[in-house]
Each structure stands twice: as C-alpha cells, then as structure tokens.
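**Student:** any chance you can model this:
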Amino acid sequence: MTIRIAFLFICTLLLSNTHAADIYQWVDENGRTQVSDVVPARYKNVATKVDTSASELTESQRQEARTRAEREKQKAKEAAQAMQPASPVPSAGQLTPSSGMRETECEALMRAYRESQECFAPFVFRGPDGRPRRGGRVREEAFLYCTSVPDPSQQCGSPPQYLEP
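**Tutor:** Numbering: from 1, shown residues only. Below you'll find the predicted structure:
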C-alpha cells in the first residue's frame, strides 16, 4: 500500500503544471559534485546549468501517467473492498454455502476463527526470514478490515479431522 501511495504522489508531482527552476551543477572545494537550483556566490562562475529537457514529459506521457494512476487507484479501491471486515460469527444450524449441510455451533465458531486468522495473516509482523515475529504482533490497520474471533478450541475441543485444512 505504501508503494501505491508513493507512486500516486510521484505521479501527482509529475503531472502538476508547475515547472521546476533551473538546475545547476558544480564541484565544491572538497571535490564533491553538487547539484541544486541555488548556487552559492563563490561557485557562480564555475556552476553549469543542467539540461533537464530530456526529463520533461510529453502530453501523451502525461495522459499515460494519469491513466496508470487511475488504474492503480481502482486496484487499491478493489483491494480495500476485498478486505472488508469478516462477517459476524454465524449461529448454529446456519447453512454452509459449499456443502449445503447444517453446521453445529462448534463448526461455525471454528470456521469463523479460521476466516479471522486468514484475514489477519497479511498484517502480522514478519522477520527477515519471512516467519512471524515472536509475540505475534499485528499491524493496527488489520483491525479496520478483520474481526477478531477467539479460538474456540477451549470450549469445543480440538476440531475433528474433517475440519482440519
């Protein structure tokens, strides 16, 4: 998500109608090349203007960037809709869409718990090896999209073999 926001910000900067000031380049007393739109007085004689015309966008490039930004915006909107909060815990005897069979209360609780875990999984902090970090910390935004459901194992016992993934 951060990448999309950064992409949209950059597109906004590129699409703005304002033009940047002239850019200058010079070598300072330490031998380092400096680049800026403001040249210190002592380097005014040695600073050279940098040609930035190659980085200016044509109207077709601007339109392509607008189209791409709209596409990314739509994808982000669809992703946010897909991550809407999980449905509340179903009641016992509710029909399951896949099997057409009636669920027991424990089966309904276990299914809701698994859906909750699947929803929270992308928001778990992970270490460099990709494994969840110790303590199972979760990013705050997860609670905007996911519903926390307690593990029903204590009240229902471990799930039957046919419910195991």
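**Student:** tell me where the chain has strands.
**Tutor:** For the chain, the strands defined by DSSP state E cover 24-27, 33-36, 48-49.
**Student:** mind checking which of those is nearest Pro152?
**Tutor:** Proximity to Pro152 (Cβ to Cβ) singles out strand 33-36 among the strands of the chain, at 61.6 Å. For every residue, glycine as well, the C-beta is placed using N, CA and C.
**Student:** neighbouring strands of that closest one in the sheet, and parallel or not?
**Tutor:** strand 24-27 (antiparallel) (DSSP bridges).
**Student:** ok, back up a step: among the strands of the chain, which is nearest Pro122?
**Tutor:** Proximity of the strands of the chain to Pro122 was assessed by Cβ to Cβ; the nearest stretch is strand 33-36, lying at 40.0 Å.
**Student:** excluding chain neighbours, what is closest to Thr52?
**Tutor:** In space, and not counting its chain neighbours, Thr52 is closest to Ile23: 5.8 Å by Cβ to Cβ, 6 or more residues apart in numbering.
**Student:** what's near enough to touch that neighbour?
**Tutor:** If you count contacts by Cβ atoms under 8 Å, 6 or more residues apart in numbering, Ile23 has them with 35-37, 49-50, 52.
**Student:** pLDDT score for it?
**Tutor:** Predicted confidence (pLDDT) at Ile23: the value is 91.
**Student:** equivalent analysis for the one 5 residues further on, please.
**Tutor:** Model confidence at Asp28, expressed as pLDDT, equals 91.
**Student:** and what of Ile5?
**Tutor:** Looking at Ile5, the pLDDT reads 60.
**Student:** hang on, the earlier thing: highest average neighbour count across the strands of the chain?
**Tutor:** strand 24-27 (a mean of 16; mean count of other Cβ atoms under 10 Å).
**Student:** flag the shaky bits of the protein, pLDDT-wise.
**Tutor:** When the per-residue scores of the chain are filtered using pLDDT under 70, the ranges that remain are 1-20, 83-103, 159-165.
**Student:** tell me where it has helices.
**Tutor:** All helices of the chain, identified by DSSP state H, fall at 2-15, 59-82, 105-120, 142-145, 153-156.
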